[in-house]
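Visitor: Kindly return the folded structure for what I paste below:
(one chain, ligands or ions: 2)
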Amino acid sequence: MKQLKKKNIKTVKKFKESIERALWDAKAIQINTEKQFTLASGKLSPIYIDCRKLISFPNVMDQIAARAKEIIEKNIGNVDVLAGGETAGIPFAAWIAAKLGMKMVYVRKGAKEYGTGKQIEGELENGDKVLLVEDLITDGGSKISFIEGVRNSGGRINDCLVVFDREQGGAQKLSELKVKLWSLTNLSRTLEFGLRNKYITQKEFDTVKQYIANN
Ligand SMILES: O=P(O)(O)OC[C@H]1O[C@H](OP(=O)(O)OP(=O)(O)O)[C@H](O)[C@@H]1O
Ligand SMILES: O=C(O)c1cc(=O)[nH]c(=O)[nH]1
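Guide: Ligands and ions are numbered 1, 2, ... in the order given. Predicted coordinates for the structure are as follows:
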């Protein structure tokens, strides 16, 4: 039993490293201390992680789907439908749903202002247990409208799966909404990986660490 547990941990660690390498190799991680990136929250950041780049790599997407399956089966339990958040969450939800043979919907940032006027697209039944799938979480601010949208449409939502957690308050924000965060990797791990494997310099590492400590 002890051995089995150890093996699983090693496999999860390997998976995380493989996603971290994929993000660095795809140049999905940019660091710019001169001209900072504006985030969805309006705040500035010297680092930007563009998980969208991963959708161009089917082998990476397959690994993401396989890890999502493990998390659903071992930790979350019954899920009726995956919900992708507009826009970057949609391809991840679609890929995982297709691989796992699950139902999916997508959630708009707000209700469509013409046509059907819907916020949720696809078939969501009253009482369906929903797993929100997203690319990334920073402080979780943009997740609120997705969660409320699902709940207003009769879905039950207690879990959110993201590829990347920037560890800037997202888990706390979700827990206030009674939603648990599951992430495939995070910023501290990915920075350590980047430094160890020479994707970034010690100076860049220190700058981002300092920024995270203050934000
Ligand atoms: O911690 P949060 O407040 O959730 O912020 C992170 C979210 O913001 C970004 O999406 P963006 O709003 O840029 O939209 P997009 O998915 O349409 O690119 C990013 O892709 C995350 O999904
Ligand atoms: O907070 C954001 O808007 C954000 C941060 C980040 O690193 N990557 C991204 O796509 N969005």
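Visitor: Please name the bridge partners of the most centrally placed residue in the chain.
Guide: Compute the mean C-alpha point of the chain, and by Cα atoms, centre = their mean the closest residue is residue 162, 1.8 Å away. In this structure, residue 162 has the following beta-bridge partners (DSSP bridges): residue 134, residue 183.
Visitor: Settle this for me: it is touching residue 183, isn't it.
Guide: Yes - the criterion here is Cβ atoms under 8 Å, and residue 162 meets it with residue 183 at 5.0 Å. For glycine as for every other residue, the C-beta is placed from the backbone atoms N, C-alpha and C.
Visitor: Spit out the residues that contact the two alike.
Guide: Residues touching both residue 162 and residue 183 (Cβ atoms under 8 Å, 6 or more residues apart in numbering) are residue 137.
Visitor: ok so, going back, how close does the residue nearest to the centre of the chain get to residue 171?
Guide: Taking Cβ to Cβ, to the nearest Å as the measure, residue 162 falls 10 Å from residue 171.
Visitor: shared neighbours of those two, which are they?
Guide: 137, 181.
Visitor: In terms of helix, strand or coil, where does residue 84 fall?
Guide: strand (DSSP: H, G, I helix; E, B strand; the rest coil).
Visitor: That one touches residue 102, doesn't it?
Guide: No - contact criterion Cβ under 8 Å: residue 84 and residue 102 do not qualify, at 11.7 Å.
Visitor: burial measure for residue 97, as a count.
Guide: A total of 22 residues lie near residue 97 under the criterion other Cβ atoms under 10 Å.
Visitor: can you list the residues of this protein near ligand 2?
Guide: With the criterion set to Cβ under 6 Å from any ligand atom, the chain comes near ligand 2 through 39-41, 48-50, 136, 138, 166.
Visitor: again, 8 Å this time
Guide: Taking Cβ under 8 Å from any ligand atom as the measure of proximity, the chain contacts ligand 2 at 37-41, 43, 45, 47-52, 88, 135-136, 138-139, 142, 164, 166.
Visitor: Sort out for me which of the residues you listed are in strands.
Guide: Mapping the residues of the chain next to ligand 2 onto strands (DSSP state E) picks out 37-38, 45, 47-49, 135-136, 164.
Visitor: what sits against residue 175?
Guide: With contact taken as Cβ under 8 Å, 6+ apart, residue 175 is in contact with residue 181.
Visitor: which stretches of the chain form strands?
Guide: Listed in chain order, the strands of the chain (DSSP E) span 29-31, 37-38, 44-45, 47-49, 81-85, 103-107, 120-121, 129-137, 156-165, 180-186.
Visitor: gap between stretch 11-22 and the chain center?
Guide: Mean C-alpha position of stretch 11-22 versus that of the full chain (Cα atoms, centre = their mean, to the nearest Å) differs by 15 Å.
Visitor: circling back: report the contact partners of the residue nearest to the centre of the chain.
Guide: Going by Cβ under 8 Å, 6+ apart, the list of residues near residue 162 reads 133-137, 170, 181-184.
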